[in-house]
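*Asks:* Kindly generate the corresponding structure for this input.
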Amino acid sequence: MKRIQNLNKILPFIILTFLLTGCWSQKEIDKSAYVIGIGIDKSEQQGKIKVTYLISNPEVGSTQEGGNTNEPPQEIITIEANSIIDSRDVANAVVAKEITYDILDVIIVSEELAKEKDFIRWIYDTTKDREIRRDTKLIITKENASEFITRNKPKLETRLHKYFEILLNHTNNIGLVPKSELHTFFRITESGADLFLAIYATTIKEEHIERKDDDSLIAGELKVEGNTNPTQFLGSAVFKNGQMIAKLSAEETRLSQLLNKAMIKADFLTSFPDPFMKKSMITAKIQQISQPEVKIDVTKKPPSIAATIPLEVEILTDHAMINYAKNRDKRDDLKKYLKNRIEEKYVKLIKRTQDDFKGQPFGFSLPARKYFLTIPQFEAYDWMHSYPDADVKVSVDITFGEFGRQSELPSYGGIRD
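*Replies:* Presented below is the predicted three-dimensional model:
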């Protein structure tokens, strides 16, 4: 009897031992096809879309690789499907390994499809698949997504999942493109109060364009020479109610990012005409010290909005050799010049958003909500339709930082003598 009691005590542990050693859901890396990018294009057949899979080979570029492999670093396939969901099973008719979205990083959509009213129907399929994360990046391309994926050939980074991660994080931090995630797209679209900015990219170079400032460019307009990747990530695509309606340049994207509390603080280099020396440019590093201060009056229609953006400017070039660190009068003149220049750019951008877009990508609806007691009250105010007539004023508060590593320069005349 005592032996049976002891056996009953030990038996559960024996059973647990067998259960814990099971790894029935385990999958070997070389048994799966890892999709890092999904491209979506219009199909000639109504009710269907073209889905392109950018599949990465995890063994290429790995430090644990046993030896050199002759396998390609990637595989690209394009198929027609009824939805993004069922395209995975259709693709497995061609791809031997089981397709997985474990490291999916980007969803790439052609501009042609993004401008369709029905685009919102297709993109909402991504909310149904449990493997597609909400922080997946949304990229809009000038050409078809399949063409963009095929022509994108990184030179220095063979691991494509790292290429997208590093490049998009850096370009977002310096304000060339917005932070474009599926979660934010759905949140803004469903709120119906703001505009969404998505990353804009292309591999097609514009050959015949007039010369612009580098900050005023959009993807495809930057002139680059040499043996390099033709892909450019520059500017943003503007979405209203889930449909693309326009594009913003890199400069307009930066201005929007500085004014939007929900976006990260920008830190970037830029150039502007030297007010003290004709045909010369000043290069400066601009940092956002803190979040913009936004005051909104919704006691009447249309609303009035007053925003102040604190900026720290570090002057890095001084071709006029004025020596701003020592010359306080010139420093004050430069601050006034920069303040007026940036505020004038905001006047033009806000006018464009009110006249052309009939909406704003600055996230003004978020601070405006606190002035309403209930959500129905905010919805009744109809923020989207109230904004075009709003009185919007943006001012910048500039503080000078360091004037480069060597702040003092000799006079030009003294050197020539």
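*Asks:* which residue ranges form the helices in the stretch 101-250 of the chain?
*Replies:* For the stretch 101-250 of the chain, the helices defined by DSSP state H, counting those that start in this stretch occupy 111-114, 119-123, 145-151, 160-173, 182-191, 250-259.
*Asks:* ok, and which of those has the densest surroundings?
*Replies:* Of all the helices of the stretch 101-250 of the chain, helix 250-259 has the most neighbours on average by mean count of other Cβ atoms under 10 Å, namely a mean of 25. Any C-beta I mention is one placed from the backbone N, CA and C, and that applies to glycine too.
*Asks:* can I assume Pro302 sits in a strand?
*Replies:* No: assignment of Pro302 by DSSP: H, G, I helix; E, B strand; the rest coil gives coil, placing it outside any strand.
*Asks:* what's near enough to touch it?
*Replies:* Contacts for Pro302 (Cβ atoms under 8 Å, 6 or more residues apart in numbering) come out as 386-391.
*Asks:* Let me have those residues in JSON lines, adding secondary structure, pLDDT and distance to Thr231 as columns.
*Replies:* Below are the contacts of Pro302 laid out as JSON lines (DSSP: H, G, I helix; E, B strand; the rest coil; pLDDT from 0 to 100; distance: Cβ to Cβ, whole Å):
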{"residue": "Ser386", "secondary structure": "helix", "pLDDT": "92", "distance to Thr231": "40"}
{"residue": "Tyr387", "secondary structure": "helix", "pLDDT": "93", "distance to Thr231": "34"}
{"residue": "Pro388", "secondary structure": "helix", "pLDDT": "94", "distance to Thr231": "36"}
{"residue": "Asp389", "secondary structure": "helix", "pLDDT": "94", "distance to Thr231": "40"}
{"residue": "Ala390", "secondary structure": "coil", "pLDDT": "94", "distance to Thr231": "38"}
{"residue": "Asp391", "secondary structure": "strand", "pLDDT": "95", "distance to Thr231": "41"}
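*Asks:* Can I have the buried ones of these as a PyMOL selection?
*Replies:* To isolate the buried members of the contacts of Pro302 in PyMOL, using 16 or more other Cβ atoms under 10 Å:
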select buried, resi 387+390
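*Asks:* Read off the pLDDT value for Ile36.
*Replies:* We have a pLDDT of 93 for Ile36.
*Asks:* I figured it was touching Ile107, is that so?
*Replies:* No: when contacts are counted by Cβ atoms under 8 Å, Ile36 is not listed as touching Ile107 (10.7 Å).
*Asks:* Could I get the average pLDDT for stretch 375-383?
*Replies:* 91.
*Asks:* that older thread, could you dump the helices of the stretch 101-250 of the chain into CSV with distance to Ala368 added?
*Replies:* Shown next, in CSV, are the helices of the stretch 101-250 of the chain (distance: least, Cβ to Cβ, whole Å):
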stretch, distance to Ala368
helix 111-114, 28
helix 119-123, 24
helix 145-151, 36
helix 160-173, 25
helix 182-191, 11
helix 250-259, 14
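*Asks:* Flag whichever of those has the least confidence on average.
*Replies:* Of all the helices of the stretch 101-250 of the chain, the minimum mean pLDDT falls on helix 160-173 (a mean of 86).
*Asks:* residue ranges for the strands of the stretch 101-250 of the chain, please.
*Replies:* Secondary structure of the stretch 101-250 of the chain (DSSP state E, counting those that start in this stretch): strands at 106-110, 137-141, 196-202, 232-240, 243-248.
*Asks:* Quick one: closest of these to Thr283.
*Replies:* Judged by Cβ to Cβ, the one of the strands of the stretch 101-250 of the chain that comes nearest to Thr283 is strand 232-240, at 18.7 Å.
*Asks:* just the angle between that closest one and helix 182-191, please?
*Replies:* 20 degrees (axes from the mean of the first three to the mean of the last three Cα atoms, to 10 degrees).
*Asks:* Next, the angle strand 137-141 makes with strand 232-240.
*Replies:* Going by the same axes, to 10 degrees, strand 232-240 makes 100 degrees with strand 137-141.
*Asks:* Work out for me the element the residue lying closest to Leu259 once chain neighbours are set aside sits within.
*Replies:* The shortest distance from Leu259 to any non-neighbouring residue, by Cβ to Cβ, 6 or more residues apart in numbering, is to Phe362 (4.6 Å). For Phe362, there is no enclosing helix or strand under DSSP states H and E.
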